[in-house]
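Participant: Fold the stuff below for me.
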Amino acid sequence: MSDGFTGFPSDALRFLRQLKRHNNRPWFLKHRETYEQEVKAPMVQLVLALGREIRKFAPEMAVDPSRAIYRIYRDTRFSHDKSPYKTQIAAVFSPREFPKHTAAGLYFHVSPNEVEIAGGIYMPGSAELLAIRRHISEQPEKLRAILEGKEFKRLFGGLWGEQLSRVPRGFPADHPAADLLRYKQFLVDVTQPADLATTPGLFRVIVQHFQTMMPLVRFLNFPLKPDRSSKFKVQGSRLQNLQL
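Facilitator: Numbering: from 1, shown residues only. I've put the predicted structure just below:
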């Protein structure tokens with residue numbers, strides 16, 4: 001199964017390695033055609049192929065390449081690193097009913113050093129975090145069943161992300177899901193050798209991992225749906241300090 005995607009050309013990794021050494025505008029402009037043909041065009045082909053497959057097991061996810069693929073240009077306004085270009089090509093698939101980056105989603109990138117495949121929610125707002133924690137507190141067994149699934153554990157090992165040192169205020173310290181309620185981020189990821197990107201196997205590996213992480217993504221997004229999350233926004237604004 002590759003749905004027509006045969007891998008990135010070897011020149012794609014070569015370009016990303018060189019960009020890491022020559023991260024400046026004159027060099028990029030001189031080699032822009034290489035970026036467009038050897039990096040961006042195959043990425044669009046891959047995202048289109050993934051989109052056709054994702055529709056089969058996650059029809060709620062937006063799969064348009066124009067939304068999914070990140071720009072190569074870095075936002076340097078608030079960063080100490082002023083290098084103008086990212087040295088990886090990345091894409092994120094998020095539910096179409098949510099604005100981008102406001103809900104749990106599916107992510108991958110190709111860099112000179114690795115292929116990373118990840119999912120979950122990285123920086124939920126205070127109201128969203130409260131909604132997720134309440135959902136966990138009400139259905140901890142459902143989340144544990146996802147995390148303890150045989151394929152999930154084989155591929156990801158477990159959940160990770162920044163955590164509080166204790167259970168957040170508003171929840172009992174002895175809650176049966178105390179260990180899960182301490183999370184501020186809910187993430188899974190794996191890394192693979194960069195050379196995987198140049199093979200048809202990249203498509204198969206991404207699909208396998210995306211399918212396995214979708215139950216977690218859906219669990220996290222369930223309390224964030226517009227018809228469910230509105231009641232948490234007022235509460236979240238009042239309890240913002242309790243989530244940190």
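
Participant: Please make it C-alpha for all contacts and neighbour counts, starting now.
Facilitator: Noted.

Participant: quick check: longest helix of the protein.
Facilitator: Longest helix in the chain, counting residues (DSSP state H): helix 201-221.

Participant: Return that one as CSV; C-alpha atoms alone will do.
Facilitator: The C-alpha trace of helix 201-221 is given here as CSV (Å, rounded to 0.1, in the frame of the first residue of the first chain):
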residue,chain,number,x,y,z
GLY,A,201,7.3,2.5,3.1
LEU,A,202,7.0,6.0,4.5
PHE,A,203,3.3,6.1,3.4
ARG,A,204,2.6,2.7,5.0
VAL,A,205,4.3,3.6,8.3
ILE,A,206,2.5,7.0,8.6
VAL,A,207,-0.9,5.4,7.9
GLN,A,208,-0.3,2.7,10.5
HIS,A,209,0.6,5.1,13.2
PHE,A,210,-2.2,7.5,12.4
GLN,A,211,-4.8,4.8,12.5
THR,A,212,-3.6,3.6,15.9
MET,A,213,-3.6,7.1,17.4
MET,A,214,-7.0,8.1,16.2
PRO,A,215,-8.9,6.7,19.2
LEU,A,216,-6.8,9.0,21.4
VAL,A,217,-7.3,12.0,19.2
ARG,A,218,-11.1,11.4,19.2
PHE,A,219,-11.2,11.0,23.0
LEU,A,220,-9.3,14.3,23.4
ASN,A,221,-11.5,16.1,20.9
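
Participant: Now tell me what touches that helix from outside.
Facilitator: 1-2, 5, 7, 46, 50, 53-54, 57-58, 103-106, 108, 117, 119-121, 132, 143, 146-147, 151-152, 155, 188, 196 (CA atoms under 8 Å, 6 or more residues apart in numbering).

Participant: Now, those that are in helices?
Facilitator: Counting by DSSP H, those place 46, 50, 53, 54, 57, 132, 143, 146, 147, 151, 152, 155 in helices.

Participant: gap between the fifth one and residue 215?
Facilitator: Yep, that's residue 57 we're talking about. As judged by CA to CA, to the nearest Å, residue 57 and residue 215 stand 10 Å apart.

Participant: Same check on the third one?
Facilitator: Here residue 53 is placed at a distance of 16 Å from residue 215 (CA to CA).

Participant: in this structure, which residue is closest to the centre?
Facilitator: residue 107 (3.4 Å; CA atoms, centre = their mean).

Participant: got a list of what that residue touches?
Facilitator: Contacts for residue 107 (CA under 8 Å, 6+ apart) come out as 90, 91, 92, 93, 117, 118, 119.

Participant: how deep is the closest residue in space to residue 40 that isn't next to it in sequence tucked in, by neighbour count?
Facilitator: Nearest non-adjacent residue to residue 40, counting by CA to CA, 6 or more residues apart in numbering: residue 89, 7.8 Å away. Close neighbours of residue 89, defined as other CA atoms under 10 Å, add up to 20.

Participant: That's all I had, so thanks and see you.
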